[in-house]
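> My questions are about this predicted structure, shown below with the sequence.
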Amino acid sequence: MPIKKLKIMNRLRVLRAEREISQEELAHKVGVTRVTINCIENGVYLPSLELGFAIARFFGKSVEEVFIVEESHEKRPIKIA
């Protein structure tokens with residue numbers, strides 16, 4: 001049976017550009033560091049639900065409009081005993 005693997009991308013860079021705000025400004029508004037925002041933008045770190053909602057609320061968007069989830073189906077590796 002295939003395993004569903006989730007790939008989560010985000011639109012933070014685009015949304016920040018539309019608002020003309022820096023990573024530092026966004027970080028201050030949602031209560032995290034600039035490094036955290038940078039890591040989220042680059043897919044290094046997935047935000048907690050609380051932070052994800054705070055970011056979406058800041059931009060006046062739904063979580064689904066900020067964070068895009070794609071499903072892919074991968075075959076399970078066969079274990080040989």
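That came in fine, so what should we check first?

> roughly how far out does the longest helix along the chain sit from the chain middle?
In terms of residue count, the longest helix belonging to the chain (DSSP state H) is helix 49-59. How far helix 49-59 lies from its chain's middle: 10 Å, per CA atoms, centre = their mean, to the nearest Å.

> Now do the buried residues in the following helix or strand past it.
Sequence-wise, the next helix or strand downstream of helix 49-59 (DSSP states H and E) is helix 63-66. For helix 63-66, burial by neighbour count (16 or more other CB atoms under 10 Å) applies to Val66. Where you see a C-beta, it was placed from the backbone N, CA and C, and this is true even at glycine.

> if we can go back for a sec, quick one: contacts of the longest helix of the chain?
Contacts with helix 49-59, where a contact means CB atoms under 8 Å, 6 or more residues apart in numbering, come from 12, 15, 19, 26, 29-32, 36, 40, 47, 62-63, 65-67.

> Which parts of the chain are strands?
Under the criterion DSSP state E, the chain contains strands at 3-10, 67-74.

> Just the mean pLDDT for the last one, thanks.
This means strand 67-74. Average pLDDT, strand 67-74: 77.

> what do you get for the first one?
Looking at strand 3-10 alone, the average pLDDT works out to 81.

> what helices or strands is that strand leaning on?
Contacts defined by 3 or more CB pairs under 8 Å, 6 or more residues apart in numbering; DSSP states H and E place strand 3-10 against strand 67-74.

> for this structure, what helix or strand is lowest in average pLDDT?
Of all the helices and strands that make up the chain, strand 67-74 has the lowest average by mean pLDDT, DSSP states H and E, namely a mean of 77.

> Out of the contacts of helix 49-59, who's the most crowded?
Most neighbours among the contacts of helix 49-59, by other CB atoms under 10 Å: Ile40, with 25 neighbours.

> Confirm for me that that one is in contact with Leu12.
Yes. Applying CB atoms under 8 Å as the test, Ile40 and Leu12 come out as touching, 6.2 Å apart.
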